[in-house]
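>>> below: sequence and its predicted model.
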Amino acid sequence: MKKLLLAVIALLASFAVAQNTPTSAPQFNVNMNFLEGTPYGQNAALSAAFTDQFTANVQLRGDVITMPGAGYTGYFGGAQGTIPELCTLLETTSLNCGKAQFLFGGSVGMGRVQQGSSPTTQSLAGLVHADANYDPTGSGKFTLNLFEVGWGHFGSGANGWYAQTGFSLGLGNNAAATQLKQARIRRSQAKKLKKLQQAIDKANKQSV
């Protein structure tokens, strides 16, 4: 009987700890961008995106976009977020928000061009975009950026549509994946507690 009681206490303690354990998600993305419509004549550019979870559904985001052949560097800051209703709609599918992440966002910043000995030019810039990240493990580590499509004003009269795909590095917190993980833990713990209760009831009957 004492062993059963200790088992119940240990189980409840592990359950409490699990509820406060955040699930990791990427904060740093490295992507190849394929750009169309810019007067810089660039078909590809390297982009680094840094994100940080601000609320359960909103991330702060910073981008650095470079087009080496054009001497272009763009610095952008903004936000991106999920739509809770979409997560609810996809909750029972393989594209639930624990495995798939659909984001919509926008950023503003500055575009800077420096070519050879020519004077540096810089002007305001901005991006609007839609993204999809995927994590087949459901652990909240969205290692694959399936796509990002958007339109950008890159500065100095450069405008155009772009698309990108890539991979992610780094860790952070993903609220949606954490909530799904906690739900799985609660179901598992409930089953274990039920079995323990049945064992306790059986032991009590035998001791009568």
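Cool, the structure landed.

>>> how many residues are close by Cys97?
24 (other CB atoms under 10 Å). In short, each C-beta sits where N, CA and C put it, glycine included.

>>> pLDDT value on Leu89, please?
With respect to pLDDT, Leu89 scores 85.

>>> tell me the phi and psi of it?
Main-chain dihedrals, Leu89, degrees, to the nearest 10: phi -60, psi -40.

>>> show me the shaky parts of this protein.
1-30, 32, 34-44, 138-141, 169-184, 207-208 (pLDDT under 70).

>>> redo that, cut-off 90
1-73, 82-102, 113-122, 132-148, 152, 154-208 (pLDDT under 90).

>>> can you get me a residue count around the closest residue to Tyr75 other than its chain neighbours?
Excluding the flanking residues, the one nearest Tyr75 by CB to CB, 6 or more residues apart in numbering is Gly109, at 4.8 Å. By the criterion of other CB under 10 Å, Gly109 has 21 neighbours.

>>> got the phi and psi for Ser188?
Dihedral angles (degrees, to the nearest 10) for Ser188: phi -70, psi -40.

>>> going forward, begin numbering at 23 instead of 1
All set: I'll call the first residue 23, so the last point we hit is now Ser210.

>>> list the neighbouring strands of the strand or helix carrying the residue nearest to Tyr97 plus their orientation.
Element membership for Gly131 (DSSP states H and E) is strand 122-135. Using DSSP bridges, strand 122-135 pairs in its sheet with strand 94-103 (antiparallel), strand 143-156 (antiparallel).

>>> measure the residue nearest to Tyr97 to Gly120 for me?
32 Å (CB to CB, to the nearest Å).

>>> now swap in Phe76 and tell me
19 Å.

>>> those two: who's more crowded?
Using other CB under 10 Å as the criterion, Phe76 and Gly120 rank with Gly120 on top: 24 against 13.

>>> helix, strand or coil: sort out that one for me.
Look at Gly120: counting by DSSP: H, G, I helix; E, B strand; the rest coil, its state is coil.

>>> for the protein, what spans make up the strands?
Here the chain has its strands, by DSSP state E, at 46-47, 50-58, 66-75, 80-89, 94-103, 122-135, 143-156, 166-177, 180-191, 194-195.

>>> and the ones you listed as TSV, adding distance to Thr110?
Listed next are those as TSV, based on distance: least, CB to CB, whole Å:
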stretch	distance to Thr110
strand 46-47	20
strand 50-58	26
strand 66-75	19
strand 80-89	17
strand 94-103	15
strand 122-135	13
strand 143-156	17
strand 166-177	21
strand 180-191	25
strand 194-195	20
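
>>> just those strands: most buried one?
strand 46-47 (a mean of 22; mean count of other CB atoms under 10 Å).

>>> just to revisit the earlier point, quick check: which of the strands of the chain is nearest to Ala221?
Closest of the strands of the chain to Ala221 is strand 46-47, at 35.5 Å (criterion: CB to CB).

>>> Asp85 is in contact with the residue nearest to Tyr97, correct?
Yes: shown here, Gly131 and Asp85 form a contact pair, counting by CB atoms under 8 Å, at 7.5 Å.

>>> overlap in contacts of the two?
By the contact definition CB atoms under 8 Å, 6 or more residues apart in numbering, Gly131 and Asp85 are jointly contacted by 96-99, 149.
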